[in-house]
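S.K.: sequence? don't have it. structure:
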């Protein structure tokens with residue numbers, strides 16, 4: 001079940017990532033680490049998956065947010081048969097974030113800002129390893 005706070009938290013995450021996250025895997029692992037290591041109150045559950053922890057609920061919410069015009073998904077081919085996904089926060093997503101009554105903007109944003117910056121600088125493989133460590137402990 002999608003919770004309003006999850007939408008607000010994802011919008012906040014995109015804001016902290018300069019309105020863009022490159023890759024489905026990267027998005028999944030960032031949310032996983034923020035939930036389990038940094039206690040960000042996402043409601044998603046994660047299960048082991050081939051590329052590390054995966055949340056079907058998170059994937060579904062991204063689809064809902066795309067359909068609502070909050071996010072845009074851009075695809076590009078990086079090799080034969082391999083597609084790279086890039087997510088952008090759209091103007092409507094920015095406006096929704098600005099109107100959010102959830103306290104994420106002040107309290108939580110300040111507490112996770114540095115952690116998100118650190119996670120953004122990790123390679124995807126490093127992020128996968130970190131996410132696996134968080135769900136195994």
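M.R.: Perfect, I can see it now. Keep in mind that this is a model prediction, so the values were computed, not measured. Numbers count the residues shown, from 1 in each chain.
S.K.: tell me which element the most centrally placed residue in the chain is part of?
M.R.: Closest residue to the average C-alpha location of the chain: residue 27 at 4.0 Å, with Cα atoms, centre = their mean. Residue 27 is part of helix 24-36, with elements assigned from DSSP states H and E.
S.K.: tell me which residues in that helix are buried?
M.R.: Within helix 24-36, the residues that count as buried by 16 or more other Cβ atoms under 10 Å are 24-36. No exception for glycine: its C-beta is placed from N, CA and C like everyone else's.
S.K.: what's the closest of these to residue 73?
M.R.: Residue 73 lies nearest to residue 24 out of the buried residues of helix 24-36, by Cβ to Cβ, at 8.9 Å.
S.K.: And the pLDDT for the closest one?
M.R.: For residue 24, the pLDDT comes out at 94.
S.K.: Check residue 101 too.
M.R.: For residue 101, pLDDT reads 60.
S.K.: same thing with residue 111?
M.R.: The model's pLDDT for residue 111 equals 75.
S.K.: Then residue 64?
M.R.: For residue 64, pLDDT reads 96.
S.K.: Great, nothing more from me.
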